[in-house]
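>>> sequence first, then the predicted structure, then my questions.
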Amino acid sequence: MKDNFDVDVNYYRNAIKKACIDTLEDSATIAVAETQLRTPVKTGALRRSMTHSDVNELNMSVDIGSSLSYAKFVEEGYTHKYGKHIDGKWTIRDGITIADNEMPKILRKKLQ
């Protein structure tokens, strides 16, 4: 027979886990939106390709980025074939930083 304490612990454990997962999902959505705002546009393909994965509940993580092969070069920079260095735009990094700063506020709201 379970006592009320066991039931309460499981209830709160599940509620906290759900709040964390929901916070990661919301933060990933913010990160993608911020990344898209900062992504340079030539054709719009890179901007449209920015997305996030589902939340990995085991690691409590989410991936943000693009599957386009040149996204890494836009993000991190590269050396042009004629030797000129092109600086990266850090759009993903900056988008994640902004979303990361919002996470405590989002989590507090979800735990209330």
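Nice, thanks for sending it over.
>>> I92: how many residues sit nearby?
24 (other Cβ atoms under 10 Å). To be clear about C-beta, it is placed using only N, CA and C from the backbone, and glycine gets the same treatment.
>>> let me know the helix or strand that it is in.
Assessed by DSSP states H and E, I92 sits inside helix 91-111.
>>> now do V41
Counting by DSSP H and E, V41 is part of no helix or strand.
>>> now it. Nearest residue, chain neighbours left out?
Take V41 and drop its neighbours on the chain: the residue closest to it by Cβ to Cβ, 6 or more residues apart in numbering is R47, 5.7 Å away.
>>> just the helices in the protein please.
Listed in chain order, the helices of the chain (DSSP state H) span 4-38, 45-49, 71-76, 91-111.
>>> tell me what the second one is packed against?
In terms of contacts (3 or more Cβ pairs under 8 Å, 6 or more residues apart in numbering; DSSP states H and E), helix 45-49 is packed against helix 71-76.
>>> in the helix it packs on, what's buried?
Using 16 or more other Cβ atoms under 10 Å as the test for burial, helix 71-76 gives 71, 74-75.
>>> now stretch 31-46
Buried, per 16+ other Cβ under 10 Å, within stretch 31-46: 31-32, 34-36, 38-39, 46.
>>> rewinding a little: so which of the helices of the chain is nearest H85?
helix 71-76 (11.4 Å; Cβ to Cβ).
>>> check the offset of that closest one from the chain's centre.
17 Å (Cα atoms, centre = their mean, to the nearest Å).
>>> next: stretch 41-51.
On Cα atoms, centre = their mean, the centre of stretch 41-51 falls 17 Å from the chain's centre.
>>> average pLDDT across that stretch?
Mean pLDDT, computed over stretch 41-51, is 97.
>>> end-to-end on that stretch?
Stretch 41-51 has an end-to-end distance of 16 Å (Cα to Cα, to the nearest Å).
>>> and for that stretch, what are the contacting residues?
Residues from elsewhere that reach stretch 41-51 (Cβ atoms under 8 Å, 6 or more residues apart in numbering): 32, 35-36, 39-40, 64-68, 70-71, 74, 92.
>>> run the last query once more with 6 Å
For stretch 41-51, contacts defined as Cβ atoms under 6 Å, 6 or more residues apart in numbering pick out 32, 35-36, 39, 66, 68.
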